[in-house]
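> Show me the folded form of this:
(one chain, ligands or ions: 2)
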Amino acid sequence: MDESLRKQALGNMSLAEARERLLLSFRFSPQTERVPVPQARGRVTAEPVYARLSMPPFPAAAMDGIAVRADRTRDASPARPLRLEEGVDCHPVDTGDPLPQGMDAVIRLERIRRIDGRTVEIREPAVPWKHVRSVGEDVAQGEMILPAHHRIRPVDLGVLLAGGVTEVPVISKPRVAVLPTGSELVPPGRALKRGEIFEFNGAVFSAYLEEWGAEPDYRGIVRDDPELLKRAILEAAEGCDWVVVNAGSSVGSEDYTHDVVRELGEVILHGVATSPGSPVLLGKVRNKPVIGLPGYPVAAYLALEWFVRPLIDHWFKVKADPRPRLRVRLEEDVRSKEGREHFVRVSIGRIGDRYAARPLPRGAGSALSLARADGLLRIPARRGLLRAGEEVEAELLRPKERIDRTLWVAGGQDPVLELLVNRIRRERLPFSLSTAGIGSLRGLHSLARGGCHMAAIHLGDEGDGVEHRRWVRRFLPGKEVLLLRLAARPLGWLVAKGNPAGFSGAEDLSRRGIRFINRQEGSGTRLFLDRLLRENGIDPSTVDGYDREVLSPWEVAAAVEEGSADVGLGTPALARRFGLDFLPLRDDPFDLVIPLEVAESEAGRLLIELVRSDAFRAAAASLEKGGLERPADGHGE
Ligand SMILES: Nc1nc2c(c(=O)[nH]1)N[C@H]1C(S)=C(S)[C@@H](COP(=O)(O)OP(=O)(O)OC[C@H]3O[C@@H](n4cnc5c(N)ncnc54)[C@H](O)[C@@H]3O)O[C@H]1N2
Ligand code: MOO
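Ligands and ions are numbered 1, 2, ... in the order given. The predicted structure follows:
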């Protein structure tokens, strides 16, 4: 068969089966090493650890007071206080002191009346062994402090040291080579030439490996060249316990991992039935695991967790705790292809007494959407379509308590929302803000169905609130809401610096050679554009790029800046951030729609107070003029 065609057949094994196969393919016998206790946090015990000494090593006073012999105090009573002579009948002790010979109880200071320098008086008998810590009360010599295969936590260090243990036998860490591959990759921080991107998966892999207890060995970028890759994998397999190769595991012309691993050893499997993360390669070189992970960040990080984390747990013979789960109600339909297990990132908000989950953009390349996700839906291979309104389980990526105190804004997007997010943190308000950029109309729709706490809208208000009130009445008839102005920014054309295309207005949109970039339906910006086209009698089909929709104003500005579009709609803040020119069209106030019950909640009141403060208004005004929020000065520009 033609080599290039053969390569295209990716396997389709279920994730669970693939993982099982991987684990069954390797038996590890890691070394044991002894490490000083203070350095043992996160390490895994190789053997049970027993106390060498007792703690406390002697009977010790548990309170400040006097040590006595209990039977000599039997006659003390309030009616007949008993006097004790220090050094004869009793001995002063501080908490932690050894109990003096012959004494068997401690009377606390508060129960003693001092008569003179040598004499004290008590009004009740001491109870034998009261306020005395017996030998080994904390840890007894010979007692097991830690079982085998236990991951050592900070609290364990203290018990070990208390029990006279200074070194612990731990399982050596697996040394894992991290090999990012791709000729397009350059180390972060360099100036990028066209076609180059920063290598960043390696840092994420290394950090996860460390968190899970392995020792990453980042070996630098390998160019797309089978000979170089072969050498790199061989060297890594010789110097490390396992090898993680990133990218080049799919079927492209420069995806060599499969062939190289087959040549050097054995391919266990190539391709799993997941989305994202399908092009995974599991292999063996020099009898060591080689794991090829897809290049797209989300696919890469998920697959690292599916395959490398269990391998680490297998090495140490420990079990990772599963993530907490939460029942959530889907805000939108979630489609999944039959035959593949799907992993969908969601943001989760607590609305009233239930949790609403909204799917985040699903591209496997969107590292930011993974970083922002509150949870992960795991959709079984045969599940098919999940409908909006359905209840499903989500694995939590953030603590539920954090989700519980998050206000959720859905709708339009503007840098002023970022400002708000940061101010809430800086003022240490007892809640945080999560934003879903789904467009003004969908934001209102979501608010109407109880899918968020507030909507952010910019729908062509004249500044008097009339137009925005009209939209609110339409979507939320009869509902009492507060309209809170966040920004009174103008909307206009974004063009490259110096306006090289000579763009002058709507009528130019259908001019030959002008490439427009549009926003998705339901966004305030799109609504504005469509009205503008109608008013100017322009047929959308004559606008080059009318169908090219992106989901955020940042994407519009980035495309104009990069040169793949000549013009789009945006705000001065964006123009300034991206170094573009701005041709204003009209004011387009950006408002929060806050239902009364939210406005009257504690978080709502604090939020409104913040937005109305002079400091916030000044920062927002400067942002509108294109200033950047400066984190250091506390007041923005
Ligand atoms: N014809 C087909 N094309 C693709 C398929 C397919 O089945 N048929 N699968 C797609 C899927 S799904 C994925 S996932 C990717 C995986 O491809 P590779 O593992 O070969 O990865 P690359 O193509 O080299 O890179 C993808 C993407 O990720 C960027 N990347 C790679 N390494 C890094 C790194 N270390 N740091 C940051 N970014 C990285 C790379 O530049 C690309 O943009 O293939 C699809 N294609
Ligand atoms: O499997 Mo790819 O990881 O869908 O993006």
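> Give me the nearest residue to the residue of the stretch 201-350 of the chain found nearest ligand 1, chain neighbours excluded.
For the stretch 201-350 of the chain, the residue closest to ligand 1 is Gly295, as judged by C-beta to the nearest ligand atom, at 2.5 Å. For glycine as for every other residue, the C-beta is placed from the backbone atoms N, C-alpha and C. Counting by C-beta to C-beta, 6 or more residues apart in numbering, Gly295 lies nearest to Ala247, which is 3.1 Å off, once chain neighbours are set aside.
> Report whether the expected contact of that neighbour with Ala303 is present.
No: assessed by C-beta atoms under 8 Å, Ala247 is found out of contact with Ala303, at 11.4 Å.
> From what I see, the residue of the stretch 201-350 of the chain closest to ligand 1 and Asn201 are in contact.
Yes: counting by C-beta under 8 Å, Gly295 does reach Asn201; the two are 7.3 Å apart.
> Need the residues touching each of those two.
Common neighbours of Gly295 and Asn201, using C-beta atoms under 8 Å, 6 or more residues apart in numbering, are Asn246, Ala247.
> Against Val244, how distant is the residue positioned nearest the centre of the chain?
What sits nearest the mean C-alpha location of the chain, by C-alpha atoms, centre = their mean, is Ala371, with 5.0 Å. According to C-beta to C-beta, to the nearest Å, Ala371 and Val244 sit 20 Å apart.
> What residues sit buried inside the longest helix seen in the chain?
As assigned by DSSP state H, the longest helix anywhere in the chain is helix 226-239. Buried residues in helix 226-239, counted by 16 or more other C-beta atoms under 10 Å: Leu229, Lys230, Ala232, Ile233, Leu234, Ala236, Ala237.
> One more: stretch 521-532?
By neighbour count on 16+ other C-beta under 10 Å, the buried set for stretch 521-532 is Gly522, Ser523, Gly524, Thr525, Arg526, Leu527, Phe528, Leu529, Leu532.
> possible to save the residues you listed as CSV with pLDDT?
Below are the buried residues of stretch 521-532 laid out as CSV (pLDDT from 0 to 100):
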residue, pLDDT
Gly522, 88
Ser523, 90
Gly524, 89
Thr525, 93
Arg526, 95
Leu527, 92
Phe528, 93
Leu529, 95
Leu532, 94
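> Direction included, what does the strand ranked longest in the chain pair up with?
Longest strand in the chain by number of residues, with DSSP state E as the criterion: strand 341-351. Strand pairing for strand 341-351, determined by DSSP bridges: strand 274-275 (parallel), strand 354-359 (antiparallel), strand 375-379 (antiparallel).
> is that strand up against ligand 2 anywhere?
No: Strand 341-351 does not reach ligand 2 (C-beta under 6 Å from any ligand atom); its nearest approach is 9.4 Å.
> which ones are touching the residue of the stretch 101-250 of the chain at minimum distance from ligand 2?
Residue of the stretch 101-250 of the chain nearest ligand 2, by C-beta to the nearest ligand atom: Ser250 (7.9 Å). Contact analysis of Ser250 by C-beta under 8 Å, 6+ apart lists Leu10, Pro279, Pro294, Gly295.
> and with 10 Å instead?
Residues counted as contacts of Ser250 (C-beta atoms under 10 Å, 6 or more residues apart in numbering) are 7-8, 10, 257-258, 270-271, 278-281, 292, 294-296, 299.
> correct me, but the residue nearest to the centre of the chain touches Leu397?
Yes: using C-beta atoms under 10 Å, Ala371 makes contact with Leu397 at a distance of 9.4 Å.
> Mind listing the shared neighbours of the two?
Joint contacts of Ala371 and Leu397 (C-beta under 10 Å, 6+ apart) are Arg345.
> ok so Asp71 is a helix residue?
Yes: assessed by DSSP: H, G, I helix; E, B strand; the rest coil, Asp71 belongs to a helix.
> Could you report the neighbour count for the closest residue to it other than its chain neighbours?
Leaving aside its chain neighbours, Asp71 sits nearest to Pro128 (7.7 Å; criterion: C-beta to C-beta, 6+ apart). Neighbour count for Pro128, taken as other C-beta atoms under 10 Å: 13.
> wait, what's in contact with Pro128?
Val68, Arg69, Ala70, Asp71, Thr73, Asp104, Ala105 are the contacts of Pro128 under C-beta under 10 Å, 6+ apart.
> Gly522 now?
Gly411, Gly412, Ile438, Gly439, Ser440, Leu441, Arg442, Gly443, Leu444, His445.
> for Ala487, same thing?
Contacts of Ala487 by C-beta under 10 Å, 6+ apart are 414-417, 419-420, 458, 571, 573, 587-591, 617, 620-621, 623-624.
> where does this structure dip in pLDDT?
Across the chain, residues meeting the criterion (pLDDT under 70) sit at 1-8, 362, 626-637.
> Outline the domain layout of it.
3-27+173-316, 32-55+137-171, 60-133, 326-398, 407-624 (automatic domain parsing).
> End to end on the last one, go ahead and measure it.
It stands for domain 407-624. Domain 407-624 stretches 24 Å from its first residue to its last (C-alpha to C-alpha, to the nearest Å).
> Tell me who's in contact with the closest residue to ligand 2 within the stretch 301-450 of the chain.
Nearest to ligand 2 in the stretch 301-450 of the chain, going by C-beta to the nearest ligand atom, is Ala364, at a distance of 2.8 Å. Going by C-beta under 10 Å, 6+ apart, Ala364 touches 275-278, 294-302, 343, 370.
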